[in-house]
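> Quick one, what's the 3D model for this:
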Amino acid sequence: MKYQSRFTSPWTYIPILYFASGVPYVIINTVSVIFYKKLGIANTQIALWTSFLYLPWVIKMFWGPIVDVYSTKRQWILYTQFAMCACLAVVAFCLQLPNFFFISLTALTIGAFISATYDIATDGFYLLALNPKQQAFFVGVRSLFYRLAVIFGSGFLVVLAGQLEVHLNNIPLSWTLAIGFATLILAVIVVGDRLILPFPESDNPRELQASSKIPFFKIITSYFQQPKILAILAFILLYRFGEAMLLKIASLFLLDKPELGGLGLTTSDVGLVYGTFGVISLICGGILGGLAIAKYGLKKCLLPMALALNLPDIFYVYMAYNQPPLTLVYPLVSLEQFGYGFGFTAFSVYLMYISQGEYKTSHFAISTGIMALGMMLPGIISGYLQNLLGYPLFFILVCVLTIPGMISLFFIPLPVETNHQTS
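Predicted coordinates for the structure are as follows:
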């Protein structure tokens, strides 16, 4: 079977692999917020517990070597895909039960660890199955299909559930069918990958003694010995602090009834406003951000991009006070998401810049783990603060909490290369 890797086109499996990576992630971290809200869970509980679901992506670097040493990346992909289907099937089924919250949250937690492990295996398989030229070419392809998965999850699935709510007049059954449909799609992908995935010649289990040669301590200490590391850590944790708080509450605000301070949108409206047009705007912002950095350099773009990410949060203050009609909600949410995509590009490029040297892959994994922590911690307290302050004051607080992240920009080390390019 080893010869198969020479003849199987990456077009047959790379899009599917990264679509299958995005669907569980968006269901676990975004769609769960919406269906828990529709099923009557309080905002405080939703924000608290779904924020903890980020944890596996915070700490996944610690079991990455296990994926590297035991079995093959191909087998890890198939095993984790199958296990993910099982977890989502449990979530779909248990929504019909009285104690659905505990069961579904447990299944989502297990699914989060499985999904993070799948990401490790998929990225490793990508490096083994493709040559350097193909790796460079398919970076855009994998990103596109991951984003399509986000639109499928936060857009199509939410709209589907909303339409089913109207026709069936049964919210739990509607979400059971929607999550069940996503499970069916992933099950088809498992079968397809079992038949299509190649067998790269270098995709073999390593010798177990190799695991003892991995210099964990040296890798971690070298990361934290970087110049101005405290400023770097502050930047990673604070750059998206306000946005991280907004992320968990935005869809709850759109769904909540006007008498509770929300906009009272339907499930389908939220799927279109936030999960479809919002995500498309985010993608466009990311593309434009990449073009801007390529032309002007990171140093010149960093502050304008930070402003683009944070200033549109004021739109939520306006919406909370004025409760505008749906026709105005569409452009306001889309502009906020466009600014997020534009501003996040600078953040991503900076993480690549500080991941240099002999252990740059591991350093990047550490940076993305800290990044996930920076999303998890604000999310944990966001529900409590929203419940305490109400939506208008909460969104004002979100705007205030964007300031520390922008201040951190003036203390972090910047790439010398960019200075040369932009001088």
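> So which bits of stretch 404-413 are buried?
Buried residues in stretch 404-413, defined by neighbour count with 16 or more other C-beta atoms under 10 Å: 405, 406, 408, 409, 412. Where you see a C-beta, it was placed from the backbone N, CA and C, and this is true even at glycine.
> ok, these vs residue 47, which is closest?
Closest approach between the buried residues of stretch 404-413 and residue 47, by C-beta to C-beta: residue 405, at 19.8 Å.
> Per-residue pLDDT of the closest one, please?
pLDDT recorded at residue 405 is 93.
> Return the helix or strand in the chain with minimum mean pLDDT.
One helix or strand of the chain scores below all others by mean pLDDT, DSSP states H and E: helix 416-422, with a mean of 45.
> average model confidence for the helix or strand hosting residue 374?
Following DSSP states H and E, one finds residue 374 within helix 360-389. For helix 360-389, mean pLDDT is 88.
> could you point out which element follows that helix?
Immediately after helix 360-389, counting by DSSP H and E, sits helix 391-400.
> Next, the angle from that following helix to helix 360-389.
Angle between the axes of helix 391-400 and helix 360-389 is 150 degrees (criterion: axes from the mean of the first three to the mean of the last three C-alpha atoms, to 10 degrees).
> From what I see, residue 55 and residue 376 are in contact.
Yes - between residue 55 and residue 376 there is a contact under C-beta atoms under 8 Å: 6.4 Å.
> quick one, what contacts residue 268?
Counting by C-beta atoms under 8 Å, 6 or more residues apart in numbering, residue 268 makes contact with 158, 159, 162, 163, 166.
> pretty sure the third one is touching residue 274, no?
No - shown here, residue 162 and residue 274 do not form a contact pair, counting by C-beta under 8 Å, at 12.0 Å.
> all helices of the stretch 51-200 of the chain, in order?
55-59, 64-69, 73-94, 100-129, 132-151, 158-168, 171-196 (DSSP state H, counting those that start in this stretch).
> Which one of those helices lies nearest to residue 321?
helix 158-168 (26.0 Å).
> residues making contact with that closest one?
By C-beta under 8 Å, 6+ apart, the surrounding residues in contact with helix 158-168 are 31, 34-35, 38, 171, 173-175, 177-178, 181, 266-272, 275-276.
> are any of the residues you listed buried, and which?
Buried residues within those, counting neighbours by 16+ other C-beta under 10 Å: 31, 34-35, 38, 171, 174-175, 177-178, 181, 266-272, 275-276.
> dump the residue contacts of the nearest residue to residue 185 once chain neighbours are set aside.
Excluding the flanking residues, the one nearest residue 185 by C-beta to C-beta, 6 or more residues apart in numbering is residue 23, at 7.2 Å. When contacts are counted by C-beta under 8 Å, 6+ apart, residue 23 is found next to 149, 152, 153, 182, 185, 186.
> show me what contacts the nearest residue to the third one once chain neighbours are set aside?
Read that as residue 153. Once flanking residues are discounted, residue 153 sits nearest to residue 26: 3.4 Å by C-beta to C-beta, 6+ apart. By C-beta under 8 Å, 6+ apart, the contact list for residue 26 reads 149, 150, 152, 153, 154.
> What is the nearest of these to residue 245?
For the contacts of residue 26, the residue nearest residue 245 by C-beta to C-beta is residue 154; the value is 18.4 Å.
> Comparing residue 55 and residue 376, which shows the higher neighbour count?
More neighbours surround residue 376 than the other of residue 55 and residue 376, with 19 against 16 (other C-beta atoms under 10 Å).
> Thought residue 56 was touching that one, still the case?
No - look at residue 376 against residue 56 with C-beta under 8 Å: they stay out of range, at 10.3 Å.
> Quick one: distance of stretch 176-196 to the chain centre.
20 Å (C-alpha atoms, centre = their mean, to the nearest Å).
> make that stretch 346-366, sorry
In this view, stretch 346-366 has its centroid 18 Å away from the chain centroid, taken as C-alpha atoms, centre = their mean.
> Flag every buried residue along stretch 352-371.
Residues 353-355, 359, 362-371 are the ones in stretch 352-371 that count as buried (16+ other C-beta under 10 Å).
> Let me have those in a markdown table, extended by distance to residue 108.
Formatted as a markdown table, these follow (distance: C-beta to C-beta, whole Å):
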| residue | distance to residue 108 |
| --- | --- |
| 353 | 34 |
| 354 | 32 |
| 355 | 30 |
| 359 | 32 |
| 362 | 28 |
| 363 | 30 |
| 364 | 26 |
| 365 | 23 |
| 366 | 25 |
| 367 | 25 |
| 368 | 21 |
| 369 | 20 |
| 370 | 23 |
| 371 | 21 |
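> which one of these is nearest residue 113?
Among the buried residues of stretch 352-371, residue 369 lies closest to residue 113 (C-beta to C-beta), at 13.9 Å.
> check contacts around that closest one.
By C-beta under 8 Å, 6+ apart, the contact set of residue 369 is 57, 58, 59, 60, 61.
> Can you select the buried ones among these for me in ChimeraX?
Burial among the contacts of residue 369 is assessed by 16+ other C-beta under 10 Å; the matching ChimeraX selection reads:
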select :57,58,60,61
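> just for the stretch 201-350 of the chain, where's the confidence low?
In the predicted model, the stretch 201-350 of the chain carries pLDDT under 70 at residues 205-215.
> As a check, name the ranges of all helices in it.
For the stretch 201-350 of the chain, applying DSSP H, counting those that start in this stretch gives helices covering 216-224, 229-238, 241-255, 267-272, 278-296, 298-310, 314-322, 326-353.
> residue contacts, residue 142?
So residue 142 contacts 14, 15, 17, 18, 126 (C-beta under 8 Å, 6+ apart).
> how many neighbours does the third one have?
For residue 17, the tally of surrounding residues (other C-beta under 10 Å) stands at 25.
> Model confidence score at the nearest residue to it once chain neighbours are set aside, please.
Counting by C-beta to C-beta, 6+ apart, residue 122 is the residue found nearest to residue 17 once chain neighbours are left out, at 5.2 Å. Per-residue pLDDT puts residue 122 at 86.
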